[in-house]
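Participant: Got a sequence here, can you model it:
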Amino acid sequence: MQKEIMIAGFGGQGVLFAGQVLAYAAMDLGKEVTWIPSYGPEMRGGTANCTVVIADEEIGSPLVEFPPVAIVLNLPSYDKYEPEMQKGGVLVINSSMVDRGAKRDDIISVFIPANEIAEEIGNKKLTNMVTVGALLAFLPEVSLEAVEAALKAHLPERHHRLLPSNYAALRRGYDLAKQQVAVA
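Facilitator: Numbers count the residues shown, from 1 in each chain. Predicted structure coming up:
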């Protein structure tokens, strides 16, 4: 098994952290993992993306050209990565930042109002965790519980007060994605 994941958005949306959490969770499960960040020169507002590759065996290349699984947090990322998705792939879209529907019908497009959900929970910085939760509904290689455990194990102690809200964000995204699939 080898699963390639692309996460993309603007700097400041937690793109790289979302990828790190997935990588840590898979690593803690004993999987082989790569995490490759990429970002523009601006700290906030520039482009940011990362790739995560999870495998049972040694990973030959960490590069992801045509991802089977992706999260896009804004419209420019959606415009860029929707055409590159593998047929039959899963694309989680932050519908709070995307003002158009899917152009492809050969992939599963999951629209999640992640900004609004994060604000309901009480912290707009949780947008990334909402979308990670949604992705986990389609990623049997890494469970929701594994990501929660990775957050607790790898988040610095000074940030552990944020764990309950991160868990809530993950679960809200996961539940909403499951509901969308059940309706479709």
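
Participant: Wasn't residue 38 part of a strand?
Facilitator: Yes: judged by DSSP: H, G, I helix; E, B strand; the rest coil, residue 38 forms part of a strand.

Participant: Settle this for me: residue 7 is touching residue 71, isn't it.
Facilitator: Yes: between residue 7 and residue 71 a contact is recorded at 4.6 Å, counting by C-beta atoms under 8 Å. From N, CA and C alone the C-beta is placed, and that goes for glycine too.

Participant: Low-confidence stretches in this protein?
Facilitator: Confidence mapping of the chain against pLDDT under 70 gives the ranges 40-46, 182-184.

Participant: Helices along that one, start to end?
Facilitator: With DSSP state H, the ranges of helices along the chain come out as 15-28, 75-81, 114-121, 127-136, 144-154, 163-183.

Participant: count of neighbours near residue 118?
Facilitator: Neighbour count for residue 118, taken as other C-beta atoms under 10 Å: 26.

Participant: meant to ask about residue 105
Facilitator: Residue 105 has 7 nearby residues by other C-beta under 10 Å.

Participant: What separation do you get for it and residue 126?
Facilitator: For residue 105, the distance to residue 126 equals 31 Å [C-beta to C-beta, to the nearest Å].

Participant: for residue 165, what are its contacts?
Facilitator: 121-123, 126 (C-beta atoms under 8 Å, 6 or more residues apart in numbering).

Participant: Determine which two of those residues are furthest apart.
Facilitator: 122 and 126 (8.2 Å; C-beta to C-beta).

Participant: who has more neighbours, those two?
Facilitator: Of the pair residue 122 and residue 126, residue 126 is the one with more neighbours under other C-beta under 10 Å, namely 27 against 10.

Participant: is it true that the more buried one touches residue 166?
Facilitator: Yes: between residue 126 and residue 166 there is a contact under C-beta under 8 Å: 6.6 Å.

Participant: Run through the residues that contact the residue nearest the centre of the chain.
Facilitator: Centroid-nearest residue in the chain: residue 132, 3.8 Å away (criterion: C-alpha atoms, centre = their mean). Shown in contact with residue 132 (C-beta under 8 Å, 6+ apart): 18, 21-22, 71, 147, 170, 173.
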